[in-house]
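Undergrad: this is the structure alone, sequence omitted:
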């Protein structure tokens, strides 16, 4: 795969087929994660401008902190250019804006990243959101080594114009590098990644009669009692560092292995208390996958993998606060959670005339979270099955239709929650019981998406349109529907 | 090569699967003692120690006294301590009195694995 | 070659299955039971106390299930009962009646004790609980402070209707002449290391208003109260959510130096004698409840007090820009002259009490956050300990946390 490759400028529209049909291929994901390997992810250049509209509605929120619906519009430009036989550049720029409906118990942006150390109140509301993203990457062959680098930047702004009024501004910079070389029949690649993250998170109230309580959450419904209502202006500062290693067959036939490790650390500081760091969240992510693949037109692969995440929460205990100094006298690791996802997956299909692939997957998820004192815990496990079909068909010379359909079922095999109910406020009991109801339900998910590409004759350009529908139902009598419409041009 | 990779992979999975139970020591064995003025000799203390954790606002009480001190297992941290009760003592003329007392501090660090503090008895 | 491949695949798949089974760290569902003892200590300040009846209720913090122990047996001057409960954390509350001798009479007294978050497991020892009784302070106490103000029907703040209710908690008629109403200089939500630190001997105050009279002009019978309003008017005329304070016994009145903010004066309600207040306009109580209040009987006259009892204190304020030495002036009211003190705060902001623990070792509140929208129209009211000879005896253990009902409906709200 490091051998010099053909440079095609989308002369016959097969670039689209190449760029958007690789979801079933584990090697495609591996290449996406390493900048040196991404140099030859594709044989043809392709750029695309896309306008995307995404609408989601849930009967009631599956996750209170993420709301029960959203309406988002995004304009993006993506480009993958083979500059020469040895050098590739790629880039992306996008602007997304919209609103998220009825977010409760969460006044902080990037909930999935920063939970449980977020600011929250029981009132919540709708949020307006804006996001800018830019990224640029470059990879080239130097002797026997492919070397790549990428910079990604995300800025996000979330706010509400009625009380309580959060205003959250995120800036997130990631730098990735990679190096790869061939050894016998395999390519070995190493990658390193570093991230600097900042978020300012503040909630203000314009009402003269006072405030709604903002809580600094510390896990499983607990909160930092001493500074309740006193620390409604926070900032988060964090860094992360990660590494990945991959071993993939050059001729797409044989054994492969990939592993990623990532360590993140985020400090939550109270701006109104002389920048007192209230808590530090440490996250470790490990992912590994290995298997056997045989992609030569008649394609099959079988692989096993695991994804693991551990979160550790440390509370900073504050001493005597005379003179408005807040000295930290002690650090206590009060919160701990881990989630492990083990799976076996395979694919069978054909990349010849009619391009089709079926990928079944079964797996097991295990989750446990604990808060040490007073004791609280939540644990659950699920077994799941998933099947996905991807079909690509060409009509004449100029039209491609790419269709994906998938269905999954998640069955709960165990669920337990321990809470000191007697010592909890009613609103917190309701919040935890509501969340647990959805944690332990069984889920059926389905998704279908169709994309049509039309290549304009005698030109480099094409038009495309996409329609996607996603749905979820669960045994807690809730459902979700997402409709996604997109259109754009390729060149 | 394959054998080694496979072994590493299996070990990785087994290692992660093990139930992670290590809890770092978050508690302290606190000994809260009382000290009396030189002019009185304490014979018996009866009372209740009430400690309020300054950060978690949790209240813990204990009425078990061993001579002039009370032992409690608490979350490490900083506390406001109030001890109220009755003290039986001999004054400097060896006459026995029973008197209500209070001992109080609005800030006391009990942050080591074994910690202690002494509070002055104030007769009220 | 093929066989080894298959073997490799089988081994790895098998290890995944094993990991899945190991990974499901399931908790042990059966909780062992423990026989736990509760030991009640009789008060050592009482003569021959005996426990007539007692009940200990243990509430499991996680399940909410209650377990009771009723049978207390005497052993070495303590009473012990046992109960079998599943291991866990419990809130224990004890109620009972004790009998003791006082001057030849047998006296009955209701007793209570409680302890939260008690961990009960196989290695737990018995829980000792001390049944303390109290003797009600003989004199005037602050029965109620209404400081939050009210909201108008339009949702705006209305602050004119604050008041104090002071009650004669003794068995005899007492005279309210000369009682001073005090507001603390310091706030319970911000602490500085003040030099000099006088708190163990005196309360630092920045407002002193005295009930007028020569000594025997304002009689208050046993169990009766007087109302001291910030503005003795019928506030229902301006705000239908408020109350009628036009029949108050006394009123705060200040000669304001600011023509935009003038105090109102009800000519039918006697004004308090203002000794000192920090304000240049008119006095109001801190409506978020960050200041503490007390009543005192100064033993010197106004002129002597204002001349001799003022002091200057200093403290260091640390800001990002540096450390600044600040000074302030306050009046020191000796603890020995203070009849009753109540610390007020909110749990989100509470840092310290601004009176000596001997005056008040607890605090009470309306609202929980520093600017709580739900605090309006509520007051702090002293609990009734018992009814004796037809009058309410108010609870006064010098601990406002235990003695007061927080966030109560104001007694004058009708």
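TA: Sure, I can see it. Because the structure is predicted, anything quoted here is derived from the model rather than measured.

Undergrad: beta partners for residue 53?
TA: Went with chain A since none was named. Residue A:53 has these beta-bridge partners by DSSP bridges: residue A:73, residue A:485.

Undergrad: to clarify, I was referring to chain C.
TA: Counting by DSSP bridges, residue C:53 is bridged to residue C:97.

Undergrad: show me where pLDDT drops low in the stretch 101-250 of chain C?
TA: Scanning the stretch 101-250 of chain C for pLDDT under 70 picks out C:132-138.

Undergrad: of all residues in it, which one is closest to chain B?
TA: Residue nearest to chain B within the stretch 101-250 of chain C: residue C:130 (3.9 Å; Cβ to the nearest Cβ). Backbone N, C-alpha and C define where each C-beta goes, glycine included.

Undergrad: thought that residue was touching residue B:45?
TA: No. Between residue C:130 and residue B:45 there is no contact under Cβ atoms under 8 Å: 10.0 Å.

Undergrad: quick check: neighbours shared by those two?
TA: The contact sets of residue C:130 and residue B:45 overlap at residue B:85 (Cβ atoms under 8 Å, 6 or more residues apart in numbering or on different chains).

Undergrad: sec struct for the residue nearest to residue A:280 when sequence neighbours are not counted, please.
TA: Closest residue to residue A:280 apart from its sequence neighbours, by Cβ to Cβ, 6 or more residues apart in numbering or on different chains: residue A:314 at 4.6 Å. Classification of residue A:314 by DSSP: H, G, I helix; E, B strand; the rest coil places it in strand.

Undergrad: closest point of chain A to chain C, which residue?
TA: For chain A, the residue closest to chain C is residue A:229, as judged by Cβ to the nearest Cβ, at 3.1 Å.

Undergrad: ok, now which ones touch the residue nearest to that residue when sequence neighbours are not counted?
TA: The shortest distance from residue A:229 to any non-neighbouring residue, by Cβ to Cβ, 6+ apart, is to residue C:369 (3.1 Å). Residue C:369 makes contact with A:210, A:211, A:213, A:228, A:229, A:230, C:346, C:348, C:349, according to Cβ under 8 Å, 6+ apart.

Undergrad: can you pull up the bridge partners for the residue of the stretch 101-250 of chain C closest to chain B?
TA: Beta bridges link residue C:130 to residue C:41, judged by DSSP bridges.

Undergrad: state the distance from it to residue C:113.
TA: Here the criterion is Cβ to Cβ, to the nearest Å. By it, residue C:130 lies 7 Å from residue C:113.

Undergrad: what's the answer for residue A:465, then?
TA: 74 Å.

Undergrad: quick one: residue C:365 from chain B, how far?
TA: For residue C:365, the distance to chain B equals 12 Å [Cβ to the nearest Cβ, to the nearest Å].

Undergrad: residue C:289 now?
TA: Using Cβ to the nearest Cβ, residue C:289 is found at 17 Å from chain B.

Undergrad: helix, strand, or coil at that residue?
TA: Assigned state for residue C:289: coil (three-state reduction, three-state DSSP).

Undergrad: isn't it right next to residue C:365, touching?
TA: Yes. The criterion here is Cβ under 8 Å, and residue C:289 meets it with residue C:365 at 5.7 Å.

Undergrad: identify the residue nearest the geometric centre of chain B.
TA: By Cα atoms, centre = their mean, chain B has its centre lying nearest to residue B:30, at 3.1 Å.

Undergrad: which SSE is residue B:106 in?
TA: Element membership of residue B:106, judged by DSSP states H and E, is strand B:96-110.

Undergrad: just the buried residues of that strand, please?
TA: Neighbour counts over strand B:96-110 (16 or more other Cβ atoms under 10 Å in any protein chain shown) mark B:98, B:100, B:101, B:102, B:103, B:104, B:105, B:106, B:107, B:108, B:109, B:110 as buried.

Undergrad: and the first one, how close does it get to residue C:301?
TA: Pointing back at residue B:98 there. Residue B:98 is 38 Å from residue C:301, where distance means Cβ to Cβ.

Undergrad: verify the contact between residue A:306 and residue A:285 for me.
TA: No. Contact between residue A:306 and residue A:285 fails when scored by Cβ under 8 Å: they sit 11.2 Å apart.

Undergrad: any stretches of chain A with poor pLDDT?
TA: In chain A, residues with pLDDT under 70: A:1-13, A:323.

Undergrad: what residue in chain C comes nearest to chain A?
TA: Of all residues in chain C, the one sitting closest to chain A is residue C:369 (3.1 Å; Cβ to the nearest Cβ).

Undergrad: mind giving me the packing neighbours of the strand or helix carrying residue A:465?
TA: For residue A:465, the element it lies in under DSSP H and E is strand A:462-474. The contact analysis (3 or more Cβ pairs under 8 Å, 6 or more residues apart in numbering or on different chains; DSSP states H and E) places strand A:462-474 against strand A:46-58, strand A:443-455, strand A:478-490.

Undergrad: tell me the secondary structure for the nearest residue to residue A:115 once chain neighbours are set aside?
TA: Computed as Cβ to Cβ, 6+ apart, the closest residue to residue A:115 that is not its neighbour in sequence is residue A:65, at 7.2 Å. Using three-state DSSP, the three-state assignment for residue A:65 comes out as helix.

Undergrad: name all residues that make contact with residue A:65.
TA: With contact set as Cβ under 8 Å, 6+ apart, residue A:65 has these partners: A:103, A:104, A:105, A:106, A:111, A:115, A:118, A:120.

Undergrad: ok, residue C:233 next?
TA: Contact analysis of residue C:233 by Cβ under 8 Å, 6+ apart lists C:160, C:245, C:246, C:264, C:266.

Undergrad: JSON lines please, covering those residues and showing distance to chain A, neighbour count and secondary structure.
TA: Listed next are those as JSON lines, based on distance: Cβ to the nearest Cβ, whole Å; neighbours: other Cβ atoms under 10 Å in any protein chain shown; DSSP: H, G, I helix; E, B strand; the rest coil:
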{"residue": "C:160", "distance to chain A": "16", "neighbour count": "18", "secondary structure": "coil"}
{"residue": "C:245", "distance to chain A": "22", "neighbour count": "25", "secondary structure": "coil"}
{"residue": "C:246", "distance to chain A": "26", "neighbour count": "17", "secondary structure": "coil"}
{"residue": "C:264", "distance to chain A": "22", "neighbour count": "12", "secondary structure": "coil"}
{"residue": "C:266", "distance to chain A": "27", "neighbour count": "18", "secondary structure": "coil"}
